[in-house]
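[1] predicted model and sequence below, questions to follow.
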Amino acid sequence: MARIVALGASNLTRGFQTIVSTARSVWGPEVEILAAHGHGRSYGAPSRFLFRTLPSILKSGLWSELEQRPPMVTRALVTDVGNDILYGFSVERTLGWAEEALRRLARVTQDIVLTGLPLAAVYRLSQIKFLAFRSMLVPSCRLTLSQVIDRAEGVHEGLVKLSSVYGAKFSQLDPVWYGFDPIHVRPSYWRTAWQEILGERVLESQRTRAMLESARLYLMRPERRLIFGIEQVTPQSGVVLRSGGQVWLY
């Protein structure tokens, strides 16, 4: 048996089915997948998307669960680190949270994949386009385009160094994966992108089954969340998929 631990924000949420199906194809139907992700998810601070708020990845229940589980062949994914830039956090704070995640993961595996930032897509942004995306995605953000680029470059460079320190595989993000939206991988490239990041290529599974499974994974509830300020707790017993494998979301 094998285990995947996946950390990230909206890109991971949107492409999660690809990770699950790829993991099952490579490591067998009984692979375990523990994930902490969600639209707008922050590594170190509570994050709000529409009317729901999620705790930070570092404060999720994934870590305590991981410590309780028996040792197993594990591959870890650390993605969407640049998300915290738009929340106004400094390069140092953002990298500090990423390093803490790497430090915790290093206790259970040496097989870690760390993704960089989509700098090429960010460089293509015009001022008008940047303001439009900033207003839609993070209305509270008041950073200018030049400030975002400076911080993105700093975080990207810092992630390269952290990958060396912790022996992680650094995954560069292909500019082809991005279109009009500079930070989200285009749906047509979800499978290509996530299989490349995961480091495994498999044949595409049956289309209908993939669509149904994708919807089920997308609608999974995390362990804890606030809806209109009211905390909702969903005990994580693991979702068993019909085609095999078990998934926990924190």
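    Received, thanks.
[2] give me the below-cutoff pLDDT ranges for this structure.
    Using pLDDT under 70 as the threshold, the predicted model of the chain has low-confidence ranges 202-216, 218-219, 224, 228-229, 235-245.
[3] which parts of it are strands?
    Taking DSSP state E as the criterion, the chain carries its strands at 2-7, 32-36, 47-49, 52-54, 73-78, 112-115, 169-171, 224-227, 230-233, 239-240, 246-249.
[4] how about these in a markdown table, adding distance to Ser25 and mean neighbour count?
    Where C-beta positions appear, they are placed from N, C-alpha and C, glycine not excepted. Putting the strands of the chain into a markdown table (distance: least, Cβ to Cβ, whole Å; neighbours: other Cβ atoms under 10 Å) gives the following:
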| stretch | distance to Ser25 | mean neighbour count |
| --- | --- | --- |
| strand 2-7 | 12 | 24 |
| strand 32-36 | 13 | 24 |
| strand 47-49 | 31 | 17 |
| strand 52-54 | 29 | 20 |
| strand 73-78 | 14 | 21 |
| strand 112-115 | 17 | 22 |
| strand 169-171 | 19 | 16 |
| strand 224-227 | 30 | 15 |
| strand 230-233 | 33 | 10 |
| strand 239-240 | 17 | 13 |
| strand 246-249 | 15 | 21 |
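[5] could those strands go into TSV alongside distance to Ala121?
    Rendered in TSV, the data for the strands of the chain read as follows (distance: least, Cβ to Cβ, whole Å):
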stretch	distance to Ala121
strand 2-7	21
strand 32-36	24
strand 47-49	21
strand 52-54	25
strand 73-78	19
strand 112-115	13
strand 169-171	15
strand 224-227	29
strand 230-233	34
strand 239-240	33
strand 246-249	27
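[6] give me the neighbour count for Thr22.
    22 (other Cβ atoms under 10 Å).
[7] roughly how far apart are it and Ile197?
    Thr22 sits at a distance of 10 Å from Ile197 (criterion: Cβ to Cβ, to the nearest Å).
[8] hmm, back to that, out of the strands of the chain, which comes closest to Cys141?
    Shortest separation from Cys141 across the strands of the chain is recorded for strand 47-49, at 12.6 Å, computed as Cβ to Cβ.
[9] remind me what that closest one packs against, helices and strands.
    Identification of packing neighbours for strand 47-49 by 3 or more Cβ pairs under 8 Å, 6 or more residues apart in numbering; DSSP states H and E yields no helix or strand.
[10] and the angle from the helix ranked longest in the chain to strand 73-78?
    Secondary structure of the chain per DSSP state H: the longest helix is helix 145-165. Note on geometry: by axes from the mean of the first three to the mean of the last three Cα atoms, to 10 degrees, helix 145-165 and strand 73-78 are set 160 degrees apart in direction.
[11] for helix 145-165, name the packing helices and strands.
    helix 91-105, strand 112-115, helix 119-123, helix 127-137, strand 169-171.
[12] let me know which of the ones you listed is tucked in deepest.
    strand 112-115 (a mean of 22; mean count of other Cβ atoms under 10 Å).
[13] check the offset of that one from the chain's centre.
    Here strand 112-115 is found 10 Å from its chain centre; the criterion is Cα atoms, centre = their mean, to the nearest Å.
[14] who does it pair up with?
    Strand pairing for strand 112-115, determined by DSSP bridges: strand 73-78 (parallel), strand 169-171 (parallel).
[15] what sits up against the shortest one?
    By Cβ atoms under 8 Å, 6 or more residues apart in numbering, the surrounding residues in contact with strand 169-171 are 112-116, 159-160, 163, 196-197, 199.
[16] can you check stretch 101-111 too?
    Contact with stretch 101-111 is made by 5, 7, 43, 57-58, 63, 66, 71, 73-76, 78, 112, 114, 162, 166-168, as judged by Cβ under 8 Å, 6+ apart.
[17] and the residue of the chain positioned farthest from its centre, how close does it get to Ala168?
    Computed with Cα atoms, centre = their mean, the residue of the chain farthest from its C-alpha average is Ile128, at 27.4 Å. Applying Cβ to Cβ, one obtains 37 Å for the distance of Ile128 from Ala168.
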